[in-house]
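Asker: sharing a model that was predicted from the sequence below.
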Amino acid sequence: MSRVLVVDTQRQPLHPCTPARARLLLKQGKAAVLRRYPFVLILKAAHGDAESAPLRLKIDPGSKTTGLAVVNDSSGEVIWAAELTHRGEAIREALAKRRAVRRSRRSRHTRYRAPRFANRRKPKGWLPPSLVSRRENVLTWVARLRRWCPIAALSMELVTFDMALMQDPTLQGDAYQQGTLAGFELRAYVLLKWNHACAYCGAMNVPLELDHVIPRSCGGSDRESNRVPACHRCNQRKGNRSLQEFLQARPAVLQRIQAHLKTPLAGAVAVNTLRWALYERLQATGLPVEVGSGGRTKWNRVSRGLPKTHWLDAAAVGASTPQVLHVERVMPWLIWATRRQRRQMCLVDERGFPRTRAKTSSRVRGFQTGDMVRAIVPKGQRVGTYVGRVAVRASGSFNIRTKVGTIEGIAAKYVTAIHRSDGYRYTQKGRRFLSTP
Ligand SMILES: [Zn+2]
């Protein structure tokens, strides 16, 4: 089950405790809430470290969402899990918008404004801002979790397919996985490359076999470059013939297949770049970093009978994954990256000229947009208690986004902060796991 993160009086991380124990500690006044999102307790008195097992933080970096799971390697228990949603797309769009505004301003029939420079070079190791954001999101959470939880090792998914393993299954020493995992990787790779359709007739949603383009009897290899998915009928009809022989009457199909065989798997380039950039930085933490392939993650997850979610994928990353993963009653945190502030100085009209006054301080009466707050309104039209994210207005009359909707016009004097905005938005879904399989 999900455990509660605990730190001692010196803010050193302790082994996470059960929710029942956390409730008891709070009730007896032995602990206080350090932060609500995600929930962390701080002990009020020194504590002999009773239970301590090395924990492993496992990461499945993705382009939209990254899965995080803290796993106890010895017991197979998933202790804490989260799904971190990045704002890479939003960053890319914002930059494109800014670029368009500037470009149109320059090219309009106004005084000619030369570009200010044409001599910028990208420094070594440069990454697009949308990727930097994703990388920093993950690194932030690695650093935070290390503060609240005794993490001794890291695992991450580095490559989607383990090419070396696919080409030469004997590389793998583990007897129990020999061949099987390699075959799994190969099949997943070939199916993805050919878009889960029969290469010869294009049939989808039928059982697909991996055909040898050059038949094995003619010395064809088992490698990915010699394999295409084929429906049973096409596979039978092709039989032991060569590709040219089989497709004699269909030159267009022959040409398409020959061209596609040579190209490696397209796409997912951004994710690969992100993963390698992340890997480099994770190694700098000094913790041992285990890497795994996407094929192995899926193999681990499927062989343990777990459904596909980001956090379960994270829990299944790498060769260190315990034989049995205990995921019952784990309530993953859903974390969205939000911006802390806006860089834009003012809003612009459709022609790119200022529409509003320059922005002023983002703090109003001690609050900032994005803070989690509780408002207790004793009288008037909006009497009641509201909990949610606040949007501040310079007038001191705030809006609060609660679960049931946005409540407008709450006076600042009724508002108290629960959690200061830290660049992320949170919810914890109970029973989420139970409803998905
Ligand atoms: Zn077919």
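Answerer: Here it is on my side, so go on. Residues are numbered from 1 along each chain as shown.

Asker: please make it C-alpha for all contacts and neighbour counts, starting now.
Answerer: Will do.

Asker: assign the closest residue to the ion within the stretch 301-437 of the chain to helix, strand or coil.
Answerer: The stretch 301-437 of the chain approaches the ion most closely through residue 302 (27.2 Å), counting by C-alpha to the ion. When classified by DSSP: H, G, I helix; E, B strand; the rest coil, residue 302 comes out as helix.

Asker: look up how far residue 145 lies from it.
Answerer: 27 Å (C-alpha to C-alpha, to the nearest Å).

Asker: which residues of the stretch 151-300 of the chain score low on pLDDT?
Answerer: Low-confidence regions of the stretch 151-300 of the chain, defined by pLDDT under 70, span residues 161-182, 184, 264-270.

Asker: try 50 this time
Answerer: For the stretch 151-300 of the chain, applying pLDDT under 50 flags the ranges 171-179, 266-267.

Asker: mind jotting down where the strands sit in it?
Answerer: Secondary structure of the stretch 151-300 of the chain (DSSP state E, counting those that start in this stretch): strands at 151-159, 208-212, 227-231, 289-293.

Asker: please state the offset of the third one from the chain centre?
Answerer: It stands for strand 227-231. Chain-centre distance of strand 227-231: 31 Å, with C-alpha atoms, centre = their mean, to the nearest Å.

Asker: how about that strand and the ion, touching?
Answerer: Yes: using C-alpha under 5 Å from the ion, we find that strand 227-231 touches the ion at residue 231.

Asker: pairing partners for that strand, with directions?
Answerer: Partners of strand 227-231 in the sheet, by DSSP bridges, are strand 208-212 (antiparallel).

Asker: can you show me the CA trace of the partner strand as CSV?
Answerer: Extracted C-alpha coordinates of strand 208-212, given in CSV (Å, rounded to 0.1, in the frame of the first residue of the first chain):
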residue,chain,number,x,y,z
LEU,A,208,0.5,-11.4,-36.8
GLU,A,209,3.5,-13.6,-37.2
LEU,A,210,7.0,-12.5,-37.7
ASP,A,211,7.9,-13.5,-41.2
HIS,A,212,11.5,-13.9,-42.4
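
Asker: near the ion at all, it?
Answerer: No: Strand 208-212 is not in contact with the ion by C-alpha under 5 Å from the ion; minimum separation 8.5 Å.

Asker: of residue 302 and residue 145, which one has the most company?
Answerer: residue 145 (18 against 14; other C-alpha atoms under 10 Å).

Asker: what's near enough to touch that one?
Answerer: residue 151 (C-alpha atoms under 8 Å, 6 or more residues apart in numbering).

Asker: which helix or which strand is home to it?
Answerer: Residue 145 belongs to helix 129-148 when assigned by DSSP states H and E.

Asker: cool, residue 376 as well?
Answerer: Using DSSP H and E, residue 376 sits in strand 372-377.

Asker: please name the strands paired to that strand in the sheet, noting orientation.
Answerer: Sheet pairing here is set by DSSP bridges, and for strand 372-377 it gives strand 384-391 (antiparallel), strand 415-419 (antiparallel).

Asker: most tightly packed of those strands?
Answerer: Counting by mean count of other C-alpha atoms under 10 Å, strand 384-391 has the highest mean neighbour count of those, with a mean of 20.

Asker: my guess is residue 7 contacts residue 45, does it?
Answerer: No: look at residue 7 against residue 45 with C-alpha atoms under 8 Å: they stay out of range, at 10.8 Å.

Asker: more neighbours: these two, which one.
Answerer: Neighbour totals were compared for residue 7 and residue 45, and residue 7 leads with 23 against 11 (other C-alpha under 10 Å).

Asker: what pairs with the more buried one across the strands?
Answerer: Per DSSP bridges, residues listed as beta-bridge partners of residue 7: residue 13, residue 42.

Asker: ok, now which ones touch it?
Answerer: Taking C-alpha under 8 Å, 6+ apart, we find residue 7 in contact with 13-14, 40-43, 148-149.

Asker: among those, give me the pair with the biggest separation.
Answerer: 43 and 149 (13.7 Å; C-alpha to C-alpha).

Asker: what do these two both touch?
Answerer: Residues touching both residue 43 and residue 149 (C-alpha under 8 Å, 6+ apart) are 6-7.

Asker: same drill for the two, tell me which one is more crowded.
Answerer: Legend: neighbour count by other C-alpha under 10 Å for residue 43 and residue 149, higher for residue 149 (24 against 21).

Asker: now do the same for the nearest residue to that one once chain neighbours are set aside: its pLDDT.
Answerer: Nearest non-adjacent residue to residue 149, counting by C-alpha to C-alpha, 6 or more residues apart in numbering: residue 13, 4.8 Å away. As predicted, residue 13 sits at a pLDDT of 92.

Asker: show me what the strand holding residue 376 is in contact with.
Answerer: Contacts of strand 372-377 (C-alpha under 8 Å, 6+ apart): 383-390, 410, 414-421.

Asker: ok, stretch 250-268 next?
Answerer: By C-alpha under 8 Å, 6+ apart, the surrounding residues in contact with stretch 250-268 are 192-193, 199-200, 225-226, 243-244, 247-248.

Asker: any buried residues in that stretch, and which?
Answerer: Within stretch 250-268, the residues that qualify as buried are 254, 257, 261, counting by 16 or more other C-alpha atoms under 10 Å.

Asker: try stretch 228-237
Answerer: Buried, per 16+ other C-alpha under 10 Å, within stretch 228-237: 228-232, 234-235.

Asker: in CSV: those, plus distance to residue 312.
Answerer: As requested, these are exported to CSV (distance: C-alpha to C-alpha, whole Å):
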residue, distance to residue 312
228, 30
229, 28
230, 31
231, 31
232, 33
234, 37
235, 36
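
Asker: from these, which is closest to residue 73?
Answerer: In terms of C-alpha to C-alpha, no member of these lies closer to residue 73 than residue 229, at 37.3 Å.

Asker: all helices for the stretch 1-150 of the chain, in order.
Answerer: Using DSSP state H, counting those that start in this stretch, the helices of the stretch 1-150 of the chain run over residues 19-27, 88-107, 129-148.

Asker: next: the stretch 151-300 of the chain.
Answerer: Taking DSSP H, counting those that start in this stretch as the criterion, the stretch 151-300 of the chain carries its helices at 163-167, 180-193, 232-238, 243-246, 251-262, 269-283, 294-303.

Asker: which one of these lies closest to residue 75?
Answerer: Once these are compared by C-alpha to C-alpha, helix 294-303 is nearest, at 16.4 Å.

Asker: what packs against the closest one?
Answerer: strand 151-159, helix 180-193, helix 310-315 (3 or more C-alpha pairs under 8 Å, 6 or more residues apart in numbering; DSSP states H and E).

Asker: deepest-packed of those, please.
Answerer: Compared across these, helix 310-315 shows the largest average neighbour count, a mean of 27 (mean count of other C-alpha under 10 Å).
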